[in-house]
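> kindly generate the corresponding structure for this input.
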Amino acid sequence: MRLIDTHTHLDFPDFDHDRPALLANARAVGVEKMVVLGVHQDNWQRVWDLVSSDPSLHAAFGLHPVYLDQHRPAHVRELGDWLSRLRGERQLCAVGEFGLDYYLPELDRERQQRLFEAQLQLAVDFNLPALLHVRRSHAAVIATLKRYKLARGGIIHAFAGSFEEAREYHKLGFKLGLGGAATWPQALRLHKVLPQLPLDSLVLETDSPDMAPAMFPGVRNSPAHLPQIAEALAQVIGIEVEQLAQISTRNACELFGW
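As a prediction, the model looks like this:
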């Protein structure tokens, strides 16, 4: 199987003691490419240093809403500067991770929205896909995306919405990221939605080190878990795992221009 992990945080300190071995293990089980996402200004250089050291890795840079208190207005300008400097680099693939998080009540929604729109504009300006964090905020995200109309769309990370929301994202050119959380037994609504989704809307991800799949409860997640995640999701969707691997890999390659 050829697989692509469209959402990781492999720069996090969780991997500092065994990162080369972990990457080798992931490649050994068929994970050919992995996207590493920046989440705040302080980790962009770390992300790029890691990605530059390994041709199978690709980078996205963004300002994640969960770190809202760390972000400053100047960081949006700095994000634009990073994208300008790296424009045309083979291993730059997207703007992200950013979006809206309505799950945590302490995160000011107006500030989130301003930051969200500023980064959407950067995705438009640099003609890059947007890799979005969307938690209990699908209506606001969809309404905003309809105004910005990103030419290259993007990915809704860890999609857990309704069929109607999935359909709206699909119309807007967005793929739906499916990973460990979609394998959890409690994801009952999602398990009903998955068989209804068009296969050309699906990409696979791990969110490593977070969101470990049901078959690896309580452990650090890894791109090496992607084959088992794909197997579990294929069973829910009702197709062979080889078909899901082939289609999701093709979808990711089309999105990122690989």
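
> C-alpha from now on. contacts and neighbour counts both.
Will do.

> what sits up against the top strand by length along the chain?
The longest strand of the chain (DSSP state E) is strand 92-101. Contacts to strand 92-101, defined as C-alpha atoms under 8 Å, 6 or more residues apart in numbering, come from residues 37-39, 58-66, 86, 107, 109, 112-113, 116, 119, 122-123, 128-137, 141, 256.

> give me the subset of those lying in helices.
Among the contacts of strand 92-101, DSSP state H puts 86, 109, 112-113, 116, 119, 122-123, 141, 256 in helices.

> turn the residues you listed into a markdown table, columns for neighbour count.
As requested, these are exported to a markdown table (neighbours: other C-alpha atoms under 10 Å):
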| residue | neighbour count |
| --- | --- |
| Leu86 | 13 |
| Arg109 | 15 |
| Gln112 | 21 |
| Gln113 | 18 |
| Phe116 | 21 |
| Gln119 | 25 |
| Leu122 | 19 |
| Ala123 | 25 |
| Val141 | 22 |
| Phe256 | 17 |
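
> quick check, nearest of those to Met215?
Using C-alpha to C-alpha, Phe256 is the member of these that lies nearest Met215, at 29.3 Å.

> skipping adjacent residues, who's closest to the closest one in space?
Cys93 (6.0 Å; C-alpha to C-alpha, 6 or more residues apart in numbering).

> how near is the one you found to Leu37?
10 Å (C-alpha to C-alpha, to the nearest Å).

> ok, the two, which is more surrounded?
Between Cys93 and Leu37, counted using other C-alpha atoms under 10 Å, Leu37 has the larger neighbour count: 31 against 25.

> who does that one form a beta bridge with?
Under DSSP bridges, the beta-bridge partners of Leu37 are Ala60.

> tell me who's in contact with it.
7-9, 47, 59-62, 96-97.

> again, 10 Å this time
Contact analysis of Leu37 by C-alpha atoms under 10 Å, 6 or more residues apart in numbering lists 6-11, 43-44, 47-48, 58-64, 93-98, 131, 207.

> among the residues you listed, name the buried ones.
6-11, 43-44, 47-48, 58-64, 93-98, 131, 207 (16 or more other C-alpha atoms under 10 Å).

> point out where the stretch 51-200 of the chain drops to low pLDDT.
For the stretch 51-200 of the chain, applying pLDDT under 70 flags no range at all.

> any idea where the strands of it begin and end?
Here the stretch 51-200 of the chain has its strands, by DSSP state E, counting those that start in this stretch, at 57-61, 92-101, 130-135, 154-156, 174-178.

> list the neighbouring strands of the longest one plus their orientation.
This points to strand 92-101. Here, using DSSP bridges, strand 92-101 pairs with strand 57-61 (parallel), strand 130-135 (parallel).

> tabulate these (JSON lines), appending distance to Arg2.
Formatted as JSON lines, the strands paired with strand 92-101 follow (distance: least, C-alpha to C-alpha, whole Å):
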{"stretch": "strand 57-61", "distance to Arg2": "15"}
{"stretch": "strand 130-135", "distance to Arg2": "22"}
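
> among those, which is nearest Pro223?
That would be, of the strands paired with strand 92-101 and by C-alpha to C-alpha, strand 57-61, which comes in at 11.6 Å.

> ok, and what's touching stretch 250-258?
With C-alpha under 10 Å, 6+ apart, stretch 250-258 has contacts from 2-6, 33, 58, 90, 92-94, 128-129, 152-155, 173-175, 177, 199-204, 244-245, 247-249.
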